[in-house]
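1. Just a sequence and a predicted model for now, questions to come.
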Amino acid sequence: MKKRILYLSRLFNLLSIIIISVNYSCNKNNKTLNQAQLSNIDSLQISIKLPPNRSAGFNLVNERGAYYLRFVNNGNKDSTIIKKIALLFDNQVLMYSGGIIKNDKYTRYAHNYLIGKNISNLDFIYEKGDISLKNNIEGIIVDDLYNDYETLVSAIFNANEKEKPTIKKKLDSLYNSYQQKYADNKELSKLNRLHYLDKLQSLYPNDKSVDVFLEQLSKPLIACDITFFIIYKHIENNIDIFNFKEINRSNYSKEYISLLSVGMYNFLNHQDNKGDHKYKSSLQWLKSTDFYKNNKAFIDKNLTPLNNQKFKLELSDLTLLNKELTHVKFSNVIQENPSDYYLLDFWATWCKPCLEGIQTIHKMEIPKNVKVINLGTDKSNHQEAWKKKAIATGQKVSYLIDLSINENKEFLKFIELNSIPRYILIDNNMNIIDEAFNHPHDPEFLNILNNIKSFYKK
């Protein structure tokens, strides 16, 4: 199964929201309600005072998964932008992620707010990439909890088997410390439990504590990114062994079935898994759930593989910049670099996993009938930085996608480039072979490239 380094991709996706939200839609999963509908249910009013021509926003979740709530001031003076969201859950977390570039150095700010149904409005002020909460509400800012658990991320990711017990002790100690601190607050205690299980799951993927916790759910979890990370990893770890005949309301709780169905949709909708025939039984199970029945049109639309004809037309006409920073069409790149197959590598200069992938590929003996085409996704004002990095990393066939051209932006939306690195395998007629090819660190990466015809039988 195609794998991802969960923690790297998590941090990376949060960063990508900051950097590329201008070009890619971050709220495609947001089910919006009009003001009349909101007036009939519990809702939360959020306001942000923004300087002229400035935007900010929050990552949060709805009944379909994660989305981005964006606030934009297009005026020429300070203005307070107000939005309302439905309070569909007893408790949920709003995540702010922003920053500012000064003297070529990026400073990142992150804040997390635990919101209950007793809160009706939140008012923020934006200043120099950061926000501050005007309301004096006790217990909703949970930055310390998030930050303290985040300090273990690097250690967990890099840990070998001998180091894991020591890290586990630190994790247990952190969990117990916050449980004592939150002894009088059940919701904060629940959030601490989620963070603990999330890190435990990444440290020991085969630990059954998380599975037992999820399968024995009797109450809905807090609606937050951590909840979806846990269920996503639970699915990823068990996708090959799920007995879907047993996963029904007679054997598992309604809460577990509900969470699993949303998680399964997000798993099948991930660019690594969409359209993969291996998950046919998973898709069939998803279609038996209430979640699917209530969101059929939405799910069917998003789980459909890319339209090959549209892909060919748009890719052929994609306008690129070469290392001399002059324009060239992708179709010309194919003509100038004849091959049976092409591996498209979408990357950016600021993306560490992208750069690691490029170096990993350089160390491999790529089959002679496959050519790698590196396609940079940096903003238009980073052309020189892209050129220097492309040369420094030894990219042979390398181009920058010109994001000042609307058609190029639409192409990236069409292929759902929500995170990078992304690899797409095509043939010499620009037909899609694999729209979510394995990453270079995957043990099967080179094996598949060496045996494309046997892996992708028509």
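-> Yes, it's here. Note that the structure is a prediction, hence the values are computed from the model and not measured.

2. For the stretch 201-350 of the chain, which segments count as helices?
-> 209-215, 225-238, 254-269, 280-286, 290-294, 296-303, 308-316, 330-336 (DSSP state H, counting those that start in this stretch).

3. Which one of those lies nearest to residue 409?
-> Across those, residue 409 has its closest neighbour in helix 308-316 (11.3 Å, Cβ to Cβ). C-beta here means a position set from N, CA and C on the backbone, and glycine is covered the same way.

4. Tell me the helices and strands packed up against that closest one.
-> helix 330-336, helix 406-414 (3 or more Cβ pairs under 8 Å, 6 or more residues apart in numbering; DSSP states H and E).

5. ok, residues contacting the last one?
-> Contacts of helix 406-414 from elsewhere in the structure, counted by Cβ atoms under 8 Å, 6 or more residues apart in numbering, are 23-25, 306, 310-311, 314-315, 317-319, 377, 401-403.

6. Show me which of the residues you listed are buried.
-> 23, 24, 306, 311, 314, 315, 318, 319, 377, 401, 402, 403 (16 or more other Cβ atoms under 10 Å).

7. Backbone torsions only: list them for the closest residue to residue 131 other than its chain neighbours.
-> Nearest non-adjacent residue to residue 131, counting by Cβ to Cβ, 6 or more residues apart in numbering: residue 124, 4.6 Å away. Residue 124 adopts backbone torsions of phi -120, psi 160, taken as degrees, to the nearest 10.

8. quick one: contacts for residue 124?
-> 46, 47, 48, 49, 131, 132, 133, 134.

9. do that again at 6 Å, thanks
-> 48, 131, 133 (Cβ atoms under 6 Å, 6 or more residues apart in numbering).

10. Only whichever of those residues are buried, select them in PyMOL.
-> Buried members of these can be picked out in PyMOL with the line below, counting by 16+ other Cβ under 10 Å:
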select buried, resi 48+131
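
11. Can you add secondary structure, pLDDT and distance to residue 182 and give the contacts of residue 124 back as TSV?
-> Below are those laid out as TSV (DSSP: H, G, I helix; E, B strand; the rest coil; pLDDT from 0 to 100; distance: Cβ to Cβ, whole Å):
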residue	secondary structure	pLDDT	distance to residue 182
48	strand	96	28
131	strand	94	24
133	strand	94	20
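
12. which one among the contacts of residue 124 gets closest to residue 369?
-> residue 131 (51.9 Å).

13. Return the set of residues that bridge with the closest one.
-> Beta-bridge partners of residue 131, counted by DSSP bridges, are residue 126.

14. need the strands for the stretch 1-150 of the chain, in chain order.
-> 43-50, 54-62, 65-73, 79-86, 91-102, 105-116, 121-127, 130-133 (DSSP state E, counting those that start in this stretch).

15. okay, those, which one's buried deepest?
-> Neighbour counts (mean count of other Cβ atoms under 10 Å) averaged over each of the strands of the stretch 1-150 of the chain peak at strand 54-62, with a mean of 22.

16. That one pairs with which strands, parallel or anti?
-> When DSSP bridges is applied, strand 54-62 pairs with strand 65-73 (antiparallel), strand 91-102 (antiparallel).

17. average model confidence for the shortest one?
-> Right, the one you point to is strand 65-73. Here strand 65-73 scores 83 as its mean pLDDT.

18. Can you check what angle separates it from strand 121-127?
-> Counting by axes from the mean of the first three to the mean of the last three Cα atoms, to 10 degrees, strand 65-73 lies at 60 degrees to strand 121-127.

19. Just give me how far strand 65-73 sits from the chain centre.
-> 14 Å (Cα atoms, centre = their mean, to the nearest Å).

20. Going forward, count from 743.
-> New numbering, starting at 743: the last item is strand 807-815.

21. what helices or strands is the helix or strand that contains residue 915 leaning on?
-> Remark: residue 915 resides in helix 906-923, with elements defined by DSSP states H and E. Judged by 3 or more Cβ pairs under 6 Å, 6 or more residues apart in numbering; DSSP states H and E, the packing partners of helix 906-923 are helix 928-945.

22. Tell me, how many residues neighbour the spatially closest residue to residue 927 that is not a sequence neighbour?
-> With sequence-adjacent residues excluded and distances taken as Cβ to Cβ, 6+ apart, residue 927 is closest to residue 881, at 6.4 Å. Neighbours of residue 881 under the rule other Cβ atoms under 10 Å: 11.
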